[in-house]
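Chemist: A structural model of the following input is requested.
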Amino acid sequence: MQKSDLDNANPTIFDVSQLPSRSQKKRSVRQGPDSKYDSILFPKHAWPWAGSKTTSTWPSDEEDDDGDDLRDDNFVEEPIDQQEIYDLISTISDPEHPHTLGQLNVVRLPDIHLSPSPAERSDPKCLSTVLVELTPTINHCSLATVIGLAVRARLEQALPPSYRVDVRMKDGSHAQDDQVNKQLADKERVAAALENDTLRGILEKMLETCA
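Modeler: Below you'll find the predicted structure:
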C-alpha cells in the first residue's frame, strides 16, 4: 500500500514516553480465559499473550500464576482499573501505520470507562462492564471497524469472565459512528466477520505487538 493510498497519510504520532503509564512499577498483565472467538480467530496459531496452550490461563480461586496457595485470608486482589485496560490495548498496532493505537491517540485513557468503578467493585466476581471509546485518526477511517474488532478481541481474551466488553467510536469521531457501533455490538456480525481469512490475518498482525 502506498502512503498516498492511506486514509490518513500523516497522522499525529505521540512518543511512547508521552503515553499514560503508572508512576510505580507496572503490574504484570493478568491473563484471562480464552476468548470466545479463539475458535474462529487463528485456531492453529498461539496468541502472543496466551502462550502455546489453548486452555485458560486465568488462575483458580486457590492458586496464583506461580501455583501458590491464595487461600490466605489477608490476600486481596487488586481491582482492574482504567490504566490496566489501557496497557492491554494501547500496544495494538494500527492496521495502516507502523505505530500503536496508543501512539496514534486512537486509544485514550480518559475514554476508558469501568462500571462499577474499581473503588466500587467490592466483590471480584460481580459483573463489570468495560466501555472503550475509540477516536480514529480521521473521521472517515475505512478501518474503524477492524480497529474496534482488534480491541474487543484483545480485551475479551485477556480479562476474566466477570467483565463484559463494549467497544465503540466516540461520539462525533467518525462520519458513520452509528453504523460502526452497531457492527461492533452485534455478536453474530462480529463472529461472522472473524471467519474471514483476510481479516484474521490483519488482526493477527495487529496483535503481534501485544505483550
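
Chemist: Which parts of this protein are strands?
Modeler: 112-115, 128-134, 163-169 (DSSP state E).

Chemist: Pipe those strands into JSON lines and attach distance to residue 192, mean neighbour count and mean pLDDT per row.
Modeler: Bear in mind the C-beta positions are built from the backbone N, C-alpha and C, glycine included. Below are the strands of the chain laid out as JSON lines (distance: least, CB to CB, whole Å; neighbours: other CB atoms under 10 Å; pLDDT from 0 to 100):
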{"stretch": "strand 112-115", "distance to residue 192": "27", "mean neighbour count": "17", "mean pLDDT": "96"}
{"stretch": "strand 128-134", "distance to residue 192": "21", "mean neighbour count": "20", "mean pLDDT": "97"}
{"stretch": "strand 163-169", "distance to residue 192": "17", "mean neighbour count": "20", "mean pLDDT": "96"}
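
Chemist: Which one of the ones you listed lies nearest to residue 19?
Modeler: strand 112-115 (13.1 Å; CB to CB).

Chemist: Of the strands of the chain, which is nearest residue 140?
Modeler: So among these, strand 163-169 is nearest, using CB to CB, at 11.7 Å.

Chemist: Nearest to residue 13, out of the strands of the chain?
Modeler: Taking the strands of the chain one by one with CB to CB, strand 128-134 is closest: 16.8 Å.

Chemist: how many degrees apart are the closest one and strand 163-169 in direction?
Modeler: 20 degrees (axes from the mean of the first three to the mean of the last three CA atoms, to 10 degrees).

Chemist: what number of residues lie near the closest residue in space to residue 184 that isn't next to it in sequence?
Modeler: Using CB to CB, 6 or more residues apart in numbering and skipping residues adjacent in sequence, the residue nearest residue 184 is residue 148, 4.5 Å away. Neighbour count for residue 148, taken as other CB atoms under 10 Å: 23.
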